[in-house]
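In: Take this sequence and fold it.
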Amino acid sequence: MNSVRSWLIFAAGVFGYLIAVMERTTIGVAGVAATDRFHTTASLLSTLAVLQLIVYACLQIPVGVLIDRVGPRALMLTGTALMAIGQATVGISAVIGVAVLGRVLVGAGDAMIFTCLIRLVNSWFSGRAVPQLSQWVGNIGQLGQVVSAVPFALLLHQSGWSVAFLSSAGVSLVAFAGIFAVVRNRPAGSLEGPRPASWPQSLRQLGVAIARPGTQLGFWSHFVTQSSGTVFALMWGVPFMVYALGYSPAAASWMLTVIVGAALVVGPILGILTARFPLRRSNIVLSIVACMAVVWTVLLLWPGTPPVWLVVILLVVIGAGGPGSLIGFDFARTSNPMHALGSANGFVNVGGFAASFVMIYLVGVILDWHNRLTGTGLYTLNGFRMAFAVQYVVVGAGVLFLISARRRTRRRLLDDEGIEVGPLWVALVARWNRGRH
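Out: The predicted model follows:
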């Protein structure tokens with residue numbers, strides 16, 4: 001545990017995740033080019049991202065069960081191979097149907113990387129390093145957005161669609177080679193416990209994991225924090241900035257790197273706070289959601305075109321949602337035994353992506369509806385204002401479910417361990433009073 005070999009496995013795995021994030025977000029960077037290449041509507045174009053996310057979300061639970069049954073290495077190898085095939089398919093596609101098939105393969109491959117890597121971190125590291133390394137997984141992985149927003153976008157604009165997507169397929173093969181050479185499932189003599197002996201046993205283990213209130217709290221934490229940034233970076237951010245705000249495609253791609261920069265700064269801080277204040281993790285999640293709601297409200301109600309500084313602030317706060325979503329996996333870690341952690345993490349990881357594909361699709365539908373109603377064009381500032389407002393409904397519902405799951409988790413903690421977690425304001429007042437005496 002925490003050995004040199006652990007760090008080599010971490011490095012190979014996190015590189016594979018970085019490439020997965022790159023492959024996932026290339027279609028958002030290529031949104032403008034895709035509109036020109038396939039001559040399609042916003043709602044149909046959104047299927048490129050929506051089907052990818054649906055496949056990703058639907059595979060999370062099966063992948064989680066397979067992690068507990070066969071281990072993460074084989075799944076990561078399969079995932080990187082599928083992403084390479086999928087991106088190559090997108091690269092040669094001339095009609096949107098073929099491109100959608102390619103993105104489905106990318107989503108299937110992407111689905112096998114992150115939860116496997118989180119399981120490797122829990123298997124090869126121990127102690128307070130685990131929640132902090134989980135944050136670094138997210139932080140380093142999100143550099144894949146920089147790769148898609150800068151070198152991939154540059155290659156797309158200079159060399160064209162096929163060269164860009166075939167090149168990204170080649171990078172997935174590099175990740176495949178690294179995982180094949182370095183990654184192993186767990187240390188020799190590991191005390192993780194036996195793997196499920198049969199598929200019925202695996203499904204029973206999954207059911208028990210999902211039934212735990214802490215796992216459900218992780219799901220809703222992931223749901224409310226990750227989705228806003230994913231919707232923006234994966235699909236609608238570049239069209240919004242190019243068509244509604246008037247930025248150049250290159251400038252819009254560069255703006256997406258602000259999301260990554262914010263995550264790199266906020267992630268380590270959240271890792272420390274999560275390790276130091278484990279009983280207040282849900283308060284951290286709700287604080288991030290509140291910040292996103294405030295900034296989105298200011299931007300959507302801004303008279304005229306929002307200024308660049310306000311867009312940057314928005315990118316910073318939705319960037320914080322990425323590392324914030326990783327707190328959901330910490331809830332799963334502390335609520336489940338190690339041998340069931342793959343199933344629990346798979347369920348948690350469904351949350352943010354389920355919210356994302358619902359919102360990505362609804363944004364496209366509302367943009368088409370606004371265009372038909374007003375005739376002002378597909379991508380207008382007023383159209384995006386209406387479309388992005390769908391977040392208040394989806395994320396707001398998630399917050400209500402999160403609060404319910406937190407109440408049940410705290411009740412279980414009191415029953416099982418005798419630990420009572422009171423409201424945050426009560427704890428702050430008590431600390432203030434202690435400080436005065």
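In: what are the ranges of the helices in the stretch 1-150 of the chain?
Out: 4-29, 31-38, 42-70, 72-92, 96-110, 114-124, 129-141, 143-147 (DSSP state H, counting those that start in this stretch).
In: low-scoring stretches of the stretch 301-437 of the chain, by residue?
Out: By pLDDT under 70, the low-scoring segments of the stretch 301-437 of the chain are 422-437.
In: Mind doing that once more with 80?
Out: 416-437 (pLDDT under 80).
In: Now do the helices in it.
Out: Assigned by DSSP H, counting those that start in this stretch, the stretch 301-437 of the chain shows helices spanning 308-325, 327-335, 341-374, 381-388, 390-417, 424-436.
In: most packed of the helices of the stretch 1-150 of the chain?
Out: helix 114-124 (a mean of 26; mean count of other CB atoms under 10 Å). Bear in mind the C-beta positions are built from the backbone N, C-alpha and C, glycine included.
In: quick one: it to helix 42-70, angle?
Out: Taking axes from the mean of the first three to the mean of the last three CA atoms, to 10 degrees, one finds helix 114-124 and helix 42-70 inclined to each other by 30 degrees.
In: orientation of helix 114-124 relative to helix 341-374 in degrees?
Out: 150 degrees.
In: Quick check: which of the helices of the stretch 301-437 of the chain is nearest to residue 83?
Out: helix 341-374 (15.8 Å; CB to CB).
In: what helices or strands is that closest one leaning on?
Out: helix 42-70, helix 114-124, helix 199-211, helix 213-231, helix 327-335, helix 381-388, helix 390-417 (3 or more CB pairs under 8 Å, 6 or more residues apart in numbering; DSSP states H and E).
In: okay, and for the stretch 1-150 of the chain, where does confidence drop off?
Out: Using pLDDT under 80, the flagged stretches of the stretch 1-150 of the chain are 1-2, 28, 31-32, 35-36, 39-50, 53, 127-129, 131, 142.
In: make it 70
Out: 1-2.
In: Identify each buried residue in stretch 363-377, please.
Out: 363, 364, 365, 366, 367, 368, 370, 371 (16 or more other CB atoms under 10 Å).
In: Need the helices of the stretch 1-150 of the chain in JSON lines (columns: distance to residue 248).
Out: Shown next, in JSON lines, are the helices of the stretch 1-150 of the chain (distance: least, CB to CB, whole Å):
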{"stretch": "helix 4-29", "distance to residue 248": "13"}
{"stretch": "helix 31-38", "distance to residue 248": "10"}
{"stretch": "helix 42-70", "distance to residue 248": "20"}
{"stretch": "helix 72-92", "distance to residue 248": "24"}
{"stretch": "helix 96-110", "distance to residue 248": "24"}
{"stretch": "helix 114-124", "distance to residue 248": "32"}
{"stretch": "helix 129-141", "distance to residue 248": "27"}
{"stretch": "helix 143-147", "distance to residue 248": "18"}
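In: Export the helices and strands packed on helix 341-374 as JSON lines, with columns for distance to residue 375.
Out: Listed next are the helices and strands packed on helix 341-374 as JSON lines, based on distance: least, CB to CB, whole Å:
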{"stretch": "helix 42-70", "distance to residue 375": "15"}
{"stretch": "helix 114-124", "distance to residue 375": "42"}
{"stretch": "helix 199-211", "distance to residue 375": "47"}
{"stretch": "helix 213-231", "distance to residue 375": "26"}
{"stretch": "helix 327-335", "distance to residue 375": "43"}
{"stretch": "helix 381-388", "distance to residue 375": "11"}
{"stretch": "helix 390-417", "distance to residue 375": "22"}
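In: Can you lay out the helices of the stretch 301-437 of the chain as CSV showing distance to residue 232?
Out: Shown next, in CSV, are those (distance: least, CB to CB, whole Å):
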stretch, distance to residue 232
helix 308-325, 6
helix 327-335, 19
helix 341-374, 10
helix 381-388, 9
helix 390-417, 10
helix 424-436, 29
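In: any idea how far residue 265 is from residue 381?
Out: 29 Å (CB to CB, to the nearest Å).
In: Look at the two and report which has more neighbours.
Out: Between residue 265 and residue 381, residue 381 has the larger neighbour count (other CB atoms under 10 Å), namely 17 against 14.
In: just to revisit the earlier point, nearest to residue 155, out of the helices and strands packed on helix 341-374?
Out: Taking the helices and strands packed on helix 341-374 one by one with CB to CB, helix 42-70 is closest: 18.7 Å.
In: re the thing from before, looking at the helices of the stretch 301-437 of the chain, which is nearest to residue 173?
Out: helix 341-374 (24.6 Å).
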